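Visitor: Requesting a structural model of the entry that follows:
(one chain, ligands or ions: 1)
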Amino acid sequence: MESSAIKSLEQARRQFSTQHKCEKYLQRLRWPNGITCPRCGTKRPYWLKNQHLWECRSCKYHFSVTAQTIFHRSKLPLPKWFVAIWLMCHSPKGVSAKQLERELGVHYETAWYLAKRIRKAMKHDVFEDRLGGIIEVDDAVVRASGDGPPKGHVKFEGKNVLGVAERGGFLRMMILDGLRARDIKRIIAKNLGDVEEIYSDAASRLFFLAEFGRHQSVAHAYDEYVVDEVHVNTIENAWSLFKRGLVGMYHHVSAKYLQDYLDEFAFRYSHRKEKGKLFDLVLANCSS
Ligand SMILES: [Zn+2]
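Guide: Numbers count the residues shown, from 1 in each chain. Okay, the predicted model is just below:
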């Protein structure tokens with residue numbers, strides 16, 4: 001069964017009920033063009049039947065389907081990983097480590113670690129290619145907690161976050177050290193490719209965007225949000241969903257891990273029109 005046909009957690013549990021089923025599924029997604037040595041890229045390894053491993057015909061590396069992936073050296077069986085991935089892909093606001101702990105029957109620390117590794121695969125996908133076409137740029141302040149003691153009074157700080165979105169496509173959200181134009185410009189330069197149009201708020205710190213494409217803006221300060229095609233509604237919508245998720249699901253996220261949560265959210269948001277692909281995309285991006 002394709003993962004896009006899985007409609008419920010129970011179905012996911014049945015589909016990925018054994019280590020063998022999960023390995024077969026992972027193999028197909030990780031190596032769609034044939035089994036490939038993760039160390040040197042050589043194809044067609046030897047199968048070492050007794051050791052249940054492949055041996056690279058070139059560099060002699062012995063490997064399994066999980067070698068050098070987010071699952072590498074994990075003591076947890078793949079069925080638990082796969083259910084965790086399914087949950088993280090199909091919960092619109094995300095899943096807390098507490099929920100994973102319950103659903104998987106694992107310790108909280110294990111659940112937390114799983115989620116962290118899975119977010120890494122999501123990040124690979126979101127940051128794979130440069131963004132292009134019609135681009136929206138906007139920034140926001142996201143509330144994160146400091147690194148203080150986990151119990152008791154939580155101190156919050158506002159983090160500036162830059163959103164860059166392809167209209168109808170990928171979204172990226174990146175923490176900014178400050179709102180200086182040159183810092184924002186550096187990040188924009190790294191993320192944009194072939195741009196047709198670029199839309200933003202009329203904030204003066206974003207005027208340099210004209211260097212990256214035909215730039216037009218709306219003046220949020222004067223309550224101007226949409227002028228024909230010119231708006232940043234894709235990102236505005238993402239900010240409000242992300243902030244609701246942060247409060248409703250995770251209660252508070254420390255500044256240290258905020259970028260991981262932004263990546264997880266951006267992954268789901270970027271593929272909002274093809275939700276059936278999310279699970280397979282995590283597995284396709286599972287190299288560590
Ligand atoms: Zn090799």
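
Visitor: can we go C-alpha only for contacts and neighbour counts from here?
Guide: OK.

Visitor: which SSE is the spatially most central residue of the chain in?
Guide: When CA atoms, centre = their mean is applied to the chain, the residue found nearest the centroid is residue 122 (3.1 Å). In the assignment (DSSP states H and E), residue 122 maps to helix 108-126.

Visitor: Tell me which other helices or strands that helix touches.
Guide: helix 78-90, helix 97-104, helix 258-270, helix 278-284 (3 or more CA pairs under 8 Å, 6 or more residues apart in numbering; DSSP states H and E).

Visitor: roughly how far apart are the residue lying farthest from the centre of the chain and the ion?
Guide: Ranked by distance from the centre of the chain (CA atoms, centre = their mean), the top residue is residue 50, with 37.4 Å. Look at residue 50 and the ion: by CA to the ion, to the nearest Å, they are 20 Å apart.

Visitor: Could you do residue 58 as well?
Guide: 5 Å.

Visitor: My guess is that residue contacts residue 42. True?
Guide: Yes - with contacts counted by CA atoms under 8 Å, residue 58 reaches residue 42, the gap being 6.6 Å.

Visitor: picking up where we left off before, contacting residues for the residue nearest to the centre of the chain?
Guide: Applying CA atoms under 8 Å, 6 or more residues apart in numbering, we find residue 122 in contact with 263, 264, 267, 281, 282, 285.

Visitor: one more time with 6 Å, if that's ok
Guide: Contacts for residue 122 were tallied using CA atoms under 6 Å, 6 or more residues apart in numbering; they are 264, 267, 282.

Visitor: Could you tell me how many residues sit around the second one?
Guide: It refers to residue 267. 26 (other CA atoms under 10 Å).

Visitor: Equivalent analysis for the one 5 residues further on, please.
Guide: If you count neighbours by other CA under 10 Å, residue 272 ends up with 16.

Visitor: Can you report how many residues lie near residue 257?
Guide: If we define neighbours as other CA under 10 Å, then residue 257 has 12 of them.

Visitor: again with the one 5 residues further on
Guide: Per other CA under 10 Å, the neighbour tally for residue 262 reads 20.
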